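> Here you go, sequence then predicted model.
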Amino acid sequence: MNSTLALVSEWISGQRWFAGKGRHPSLRLLGEWELPGVTEPGVSASSLLVMDDAPEPAVLYQIPVVRRPSPLFGSRVIGQLHSGEFLIDGVHDPVWTYALISMILGERDAIPLGVAATGRHSPADEGRPIPRPEDVTAHVLAGEQSNTSIIFEFATGVPVIAKVYRQLHHGDNPDVVLQSALAEAGSPHVPLSVGDIRGEWDDVGRASGRADGHLVFAQEFLDGAPDAWRVALVAAESEVDFVDSARSLGATTALVHQTLARVLPTRRPDAVDLEERAALWARRLDACVAEVPALGEYRAGIERVHAAAVRVPWSDLQRIHGDYHLGQVLFAPDRGWVLLDFEGEPLRPMTERDQPDLVHRDVAGMLRSFDYVAGSLALTSASHSAPHLRQWASRARKAFLDGYIRVSGNDLRANRVLLDAFELDKAIYEAVYEHRNRPDWESIPLGGVARLLSHGRISVPRT
Ligand SMILES: Nc1ncnc2c1ncn2[C@@H]1O[C@H](COP(=O)(O)OP(=O)(O)O)[C@@H](O)[C@H]1O
Ligand SMILES: O=P(O)(O)O[C@H]1O[C@H](CO)[C@@H](O[C@H]2O[C@H](CO)[C@@H](O)[C@H](O)[C@H]2O)[C@H](O)[C@H]1O
């Protein structure tokens, strides 16, 4: 028997969303918010906010839990407390999931235990009632994710997916802000927003002593819609051309960018923006080379591209997706491509992720993704020749750009070095991502870097 924190400390390193793999956590409980409306005697449902001080900077995690006198059949038990109660992993517990959806749809406040939280039901989803417990089922979405998503199915009405953010940051989460703005502007290219939960907690690092941000985001669940990564992989595997699909994905991307530029602030980049970007690219290159030494041989070439990229004209800065790749897009037969997960790159600090940026970042991300389809198949399937796969990727990349340029009117080929700079920046990020998560795939982004540098598109004198 033990304290909540001791039990969570033992359990957290085995969780897929725990970022400190291989390192012992040093946890501190900031507080919790208790979900309202739980009527079962002796049972409470809440969400702990726990700071891990072991990494630098420290990471704030959200951990839904249920305390019960005895576990249910199938409960995921975290451990037994001093009190004799059991601490249960909340996202798998029907009391927690029912209280969560009721709090969002009923716009209820949590019981604050050091952390305040409030549910909001989106006007776009109006008319959906709080279901009776017997009219809703919930299960956790399987698969690798940075957060934990719960699928709700109702006796009537479209299913809902609620994403419980595992790492919390002060400020609006772009995932909620951008998708809600797009959905409210009538874009069919994101799922309908259902609602969210915002919270407020202590933060000694802030002048006010408190921080606030999104804790949960709920949206329509597009059941059965395959993601574009799967669709593209199947096409490449069966040697089916992806040109039309890639062109329409490019066109959809441009439409989403246009809507974001219409409904959220944009601004002209100035000299300071360019200086800051050059400094950011340089810092990121240093950090990536330090972690993946194989990038070292490309450093000078990458620096030349970065230097050239800040000398060409830049278009306006605007809100973008931020971590755009084929796995972030679903194909829904009745509405085409639907974009998900606008949280930005998980390895970048939130202060960078919620800033306006060039659309080039998203376009570059997707171009890299076509390269990944070819690269991953070349690694895993002996029956596909590398030149053939390269040709598949290069046709898809060209079609994606064609589709984007046709709809946006923004000729990203005119100053190709700028797009190359973003593609290189993405590829070095991917090298670090693969180094940490899938070392067998490190050669995919490294090959991408080598190819980009061999195109010789830089027309500035070499130093
Ligand atoms: N609205 C949705 N409809 C259908 N599937 C979804 C929806 N949102 C997420 N998914 C599925 O869940 C996966 C993880 O979602 P994502 O937003 O990328 O979460 P994470 O931030 O945990 O990576 C997606 O790749 C997709 O397969
Ligand atoms: O989806 P996430 O926000 O968690 O993004 C991270 O993981 C992605 C891998 O799942 C990673 O994407 C890279 O691999 C993809 C294939 O699995 C490929 O399509 C992408 O182009 C490539 O970047 C992403 O970079 C990372 O942030």
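Okay, I see it. Ligands and ions are numbered 1, 2, ... in the order given.

> and the one helix or strand Val231 maps to, which residues are buried?
If you go by DSSP states H and E, Val231 is part of helix 228-237. Judged by neighbour count using 16 or more other C-beta atoms under 10 Å, the buried positions of helix 228-237 are 228-229, 231-233, 235-237. Backbone N, C-alpha and C define where each C-beta goes, glycine included.

> Any chance of those in TSV with distance to Val292 and pLDDT as columns?
As requested, the buried residues of helix 228-237 are exported to TSV (distance: C-beta to C-beta, whole Å; pLDDT from 0 to 100):
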residue	distance to Val292	pLDDT
Ala228	27	97
Trp229	23	97
Val231	30	96
Ala232	26	97
Leu233	25	96
Ala235	30	95
Ala236	26	95
Glu237	28	92
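
> which among the residues you listed gets closest to Val363?
Ala228 (14.7 Å; C-beta to C-beta).

> who's in contact with that closest one?
245, 249, 326-331, 337 (C-beta atoms under 8 Å, 6 or more residues apart in numbering).

> what do you get for Ala386?
Ala378.

> moving C-terminal of the helix holding Val231, what's the next helix or strand?
Immediately after helix 228-237, counting by DSSP H and E, sits helix 243-263.

> Which helix or strand lies directly C-terminal to that following helix?
Next along from helix 243-263, by DSSP H and E: helix 271-291.

> Show me what that following helix is in contact with.
295-296, 299, 302-303, 306-307, 310, 314, 317, 352, 421, 425, 428-429, 431-432, 435.

> Stretch 328-346 now?
Contacts of stretch 328-346 (C-beta under 8 Å, 6+ apart): 146, 167, 173-175, 177-179, 188-191, 222, 225-228, 231, 248-249, 252-253, 256, 321-324, 350, 352-354, 429.

> Spell out which parts of the stretch 151-300 of the chain neighbour ligand 2.
Trp229 (C-beta under 6 Å from any ligand atom).

> Run through the residues of the stretch 151-300 of the chain sitting next to ligand 1.
Going by C-beta under 6 Å from any ligand atom, the residues of the stretch 151-300 of the chain near ligand 1 are 161, 163, 191, 219-222, 225, 227.

> next one: the stretch 1-150 of the chain
Going by C-beta under 6 Å from any ligand atom, the residues of the stretch 1-150 of the chain near ligand 1 are 141, 145-147, 149.

> Redo the residues you listed as a markdown table? Include neighbour count and pLDDT.
Shown next, in a markdown table, are these (neighbours: other C-beta atoms under 10 Å; pLDDT from 0 to 100):
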| residue | neighbour count | pLDDT |
| --- | --- | --- |
| Leu141 | 15 | 95 |
| Gln145 | 14 | 75 |
| Ser146 | 15 | 85 |
| Asn147 | 18 | 93 |
| Ser149 | 19 | 97 |
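
> where exactly do the strands run in the stretch 51-200 of the chain?
Ranges of strands in the stretch 51-200 of the chain, per DSSP state E, counting those that start in this stretch, are 59-68, 77-80, 86-89, 111-113, 116-121, 136-140, 148-154, 160-164, 167-168, 193-202.

> Who are the packing partners of the shortest one?
To tie it back to what came earlier, the one meant is strand 167-168. With contacts taken as 3 or more C-beta pairs under 8 Å, 6 or more residues apart in numbering; DSSP states H and E, strand 167-168 sits against strand 59-68.

> Note down every partner strand of the strand it packs on and its orientation.
strand 44-52 (antiparallel), strand 86-89 (antiparallel), strand 167-168 (antiparallel) (DSSP bridges).

> could I get those as CSV with mean neighbour count?
Listed next are those as CSV, based on neighbours: other C-beta atoms under 10 Å:
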stretch, mean neighbour count
strand 44-52, 23
strand 86-89, 22
strand 167-168, 20
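
> wait, which of the buried residues of helix 228-237 is closest to ligand 2?
Of all these, Trp229 has the smallest distance to ligand 2: 5.3 Å, by C-beta to the nearest ligand atom.

> Can you tell me which of the contacts of helix 271-291 are buried?
Buried among the contacts of helix 271-291 by 16+ other C-beta under 10 Å: 295, 302-303, 306-307, 310, 314, 317, 421, 425, 428-429, 431-432, 435.

> and which of those is nearest Gly127?
Leu317 (37.6 Å).

> Tell me the bridge partners for that closest one.
Counting by DSSP bridges, the residues bridging with Leu317 are Arg267.

> Next one: it from Leu285, what distance?
21 Å (C-beta to C-beta, to the nearest Å).

> Give me the phi and psi angles of the closest residue to ligand 2 within the stretch 351-463 of the chain.
Going by C-beta to the nearest ligand atom, ligand 2 is nearest to Ser369 of the stretch 351-463 of the chain, at 3.3 Å. Here is the backbone geometry of Ser369 (degrees, to the nearest 10): phi -70, psi -40.

> now swap in Pro313 and tell me
The phi/psi pair for Pro313 (degrees, to the nearest 10) is phi -70, psi 140.

> can I assume it is in contact with Leu412?
No: assessed by C-beta atoms under 8 Å, Pro313 is found out of contact with Leu412, at 11.9 Å.

> quick one: which of those two has more around it?
For Pro313 versus Leu412, neighbours defined as other C-beta atoms under 10 Å are more numerous around Leu412 (20 against 8).

> so who does that one touch?
359-360, 363, 401, 404-405, 418-419.

> Next step: the residues you listed restricted to helices.
360, 363, 401, 404-405, 418-419 (DSSP state H).

> Just the buried residues of these.
Buried among the ones in helices among the contacts of Leu412 (16+ other C-beta under 10 Å): 360, 363, 401, 404-405, 418-419.

> just to revisit the earlier point, which ones among the contacts of Leu412 come in contact with ligand 1?
Counting by C-beta under 6 Å from any ligand atom, no member of those reaches ligand 1.

> Once you drop chain neighbours, what's closest to Pro129?
Leu105 (7.2 Å; C-beta to C-beta, 6 or more residues apart in numbering).

> Return the residues in contact with that neighbour.
Per C-beta under 8 Å, 6+ apart, neighbours of Leu105: 119, 121, 128-131, 194-195.

> name the helices or strands packed onto the helix or strand bottoming out on mean pLDDT in the chain?
Sorting the helices and strands of the chain by mean pLDDT, DSSP states H and E puts helix 350-353 at the bottom, at a mean of 80. Applying 3+ C-beta pairs under 8 Å, 6+ apart, we find helix 350-353 packed against no helix or strand.

> in that helix, what counts as buried?
So helix 350-353, judged by 16+ other C-beta under 10 Å, has buried residues 350, 353.

> How far off centre is that helix?
With C-alpha atoms, centre = their mean, to the nearest Å as the basis, helix 350-353 stands 12 Å off its chain's centre.

> Please apply the same query to stretch 170-184.
On C-alpha atoms, centre = their mean, the centre of stretch 170-184 falls 12 Å from the chain's centre.

> Stretch 302-321 too?
The mean C-alpha position of stretch 302-321 is separated from the chain mean by 23 Å, C-alpha atoms, centre = their mean.

> Kindly report the same for stretch 105-125.
Distance, centroid of stretch 105-125 to centroid of chain: 23 Å (C-alpha atoms, centre = their mean).
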